[in-house]
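Q: need a 3D model of the following:
(chains A and B)
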Amino acid sequence: MRESVAHFGSVTQAREAARLGVWVFLATELMFFGPLFFGYAWGRLKLGAGFAAASGHTDIMIGTTNTAVLLTSSLFMALAVRAIEIGKRRAATRCLWITAALGASFLGLKAFEYLKEWHEQLIPWLDFRFEPPALRNGAALFYFLYFGMTGLHALHLTIGIGIVCTFARRLRSHSPAAMRAQLEGAALYWHFVDAIWVVLFPLIYLVERHG
Amino acid sequence: MKTPSIASLVFTWLALLALLAVTTASAYLDLGAGNTVLNLIIAAIKVALIAVFFMHLGRADGAVHIAAGAALFFLFILAFLAFGDVLTRPSHSTPWRAPLLEASGTEAGLTY
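A: Below you'll find the model as predicted:
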């Protein structure tokens, strides 16, 4: 099957347009995550002690493992795109399944972490408990932003896993050339979600760890 | 458009993991404000590595660079104007609430 050109002058032009479209979409996604980062920066400046104490309650083992898992998933995503470019369908499919599996492991660990936080009563408005009481409000804002940011990230990752699985299946019946532009777009989205996590990781897990 | 080699992708991944190890280990050293600065610098380097080597920002055309640059530029404008407001004014409670108590941790007038 030939790569669809539609109203474009050439395959290359169509591919460049698709790439630009995804980048513009990612720019709007950054605006979506932006206010949460501002909220965090404001809280860190105004309620720093509460934020530091709250960060100490996060699970750094799970956080670090999850970061490594997501970085590895990005490697396999990049390898999948490379395989598509040189026409290796089987290698690309295999890399895509590994990417999706790593994304799912991230979500599994994240769900386990949420469950732990639920048991430790660290969810704002759900019988939130934090000692000492003087730091309670700062910690509550930290956890409010924590669930907001990681929840929004997990939602993006879930969508990403859905897209990756769909494309891995579609590669069975479509030629690598026909799938190339779509897969490149999906990869850009996947790496973006990874990059968001890379910034979230130190903000959530690494505040005043040495205390 | 040059296809990246497997080696370049694997090296990027190894560099990302090494930076993850450095940022996590450095969190256990007391560097004062330096902890946050170092964490943010390392995060920025990791994002740059992902953008250049995984997202192929290096080999992309000019329009893509403009889109990526515009995203950062608008984020900067949003942050600059928002912080210009909140950081130059004292936090006031709403009139129907009790006066704020700095020491009790309710300085922001937030209750959960």
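
Q: point out where chain A drops to low pLDDT.
A: Across chain A, the ranges flagged by pLDDT under 70 are A:1-6.

Q: quick one: residues contacting the closest residue in space to residue A:98 that isn't next to it in sequence.
A: Nearest residue to residue A:98 in three dimensions, chain neighbours excluded: residue A:76, at 4.6 Å (CB to CB, 6 or more residues apart in numbering or on different chains). Backbone N, C-alpha and C define where each C-beta goes, glycine included. Taking CB atoms under 8 Å, 6 or more residues apart in numbering or on different chains, we find residue A:76 in contact with A:95, A:96, A:98, A:99, A:102.

Q: which strand or helix spans residue A:76?
A: Using DSSP states H and E, residue A:76 sits in helix A:60-85.

Q: state which helix of chain A is the longest.
A: For chain A, the helix with the greatest residue count under DSSP state H is helix A:136-173.

Q: could you point out which element follows that one?
A: Scanning forward in sequence from helix A:136-173 by DSSP H and E, the next helix or strand is helix A:176-205.

Q: and the angle for that following helix with helix A:136-173?
A: Helix A:176-205 runs at 170 degrees relative to helix A:136-173, counting by axes from the mean of the first three to the mean of the last three CA atoms, to 10 degrees.

Q: and chain B, is helix A:176-205 touching that?
A: Yes: counting by CB under 8 Å from any CB of the partner chain, chain B is contacted by helix A:176-205 at A:187, A:188, A:191, A:192, A:194, A:195, A:198, A:199, A:201, A:202, A:203, A:205.

Q: now that helix against helix A:60-85, angle please.
A: 160 degrees.

Q: find the nearest non-adjacent residue to the spatially most central residue of chain B, please.
A: In chain B, the residue lying closest to the centroid (CA atoms, centre = their mean) is residue B:40, at 5.9 Å. Using CB to CB, 6+ apart and skipping residues adjacent in sequence, the residue nearest residue B:40 is residue A:202, 7.1 Å away.

Q: what of residue A:64?
A: Per CB to CB, 6+ apart, closest to residue A:64 is residue B:24, 5.3 Å.

Q: what's the helix or strand for that neighbour?
A: Per DSSP H and E: residue B:24 is located in helix B:6-26.

Q: one step back: what's the first helix or strand after the helix holding residue A:76?
A: Elements were assigned by DSSP H and E; along the chain past helix A:60-85, the next helix or strand is helix A:89-119.

Q: for that next one, which helices and strands make contact with it?
A: helix A:60-85, helix A:136-173, helix A:176-205 (3 or more CB pairs under 8 Å, 6 or more residues apart in numbering or on different chains; DSSP states H and E).

Q: again, only using 6 Å
A: With contacts taken as 3 or more CB pairs under 6 Å, 6 or more residues apart in numbering or on different chains; DSSP states H and E, helix A:89-119 sits against helix A:60-85, helix A:136-173.

Q: buried residues in the longest one?
A: It refers to helix A:136-173. For helix A:136-173, a neighbour-count test (16 or more other CB atoms under 10 Å in any protein chain shown) marks A:136-150, A:152-154, A:156-157, A:160-161, A:163-165, A:167-168, A:171 as buried.

Q: relative to helix A:89-119, how tilted is that helix?
A: 160 degrees.

Q: elements contacting helix A:136-173?
A: Using 3+ CB pairs under 6 Å, 6+ apart, helix A:136-173 sits against helix A:11-46, helix A:48-55, helix A:89-119, helix A:176-205.

Q: the first one near chain B anywhere?
A: Right, helix A:11-46. Yes: for helix A:11-46, a contact with chain B is found by CB under 6 Å from any CB of the partner chain, at A:20, A:23, A:24, A:27, A:30, A:34, A:38, A:42, A:46.

Q: buried ones among those?
A: Neighbour counting with 16+ other CB under 10 Å marks A:20, A:23, A:24, A:27, A:30, A:34, A:42, A:46 as buried within the residues of helix A:11-46 next to chain B.

Q: want to try JSON lines for those, with distance to residue B:32 as columns?
A: Below are those laid out as JSON lines (distance: CB to CB, whole Å):
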{"residue": "A:20", "distance to residue B:32": "43"}
{"residue": "A:23", "distance to residue B:32": "38"}
{"residue": "A:24", "distance to residue B:32": "40"}
{"residue": "A:27", "distance to residue B:32": "35"}
{"residue": "A:30", "distance to residue B:32": "30"}
{"residue": "A:34", "distance to residue B:32": "27"}
{"residue": "A:42", "distance to residue B:32": "21"}
{"residue": "A:46", "distance to residue B:32": "19"}
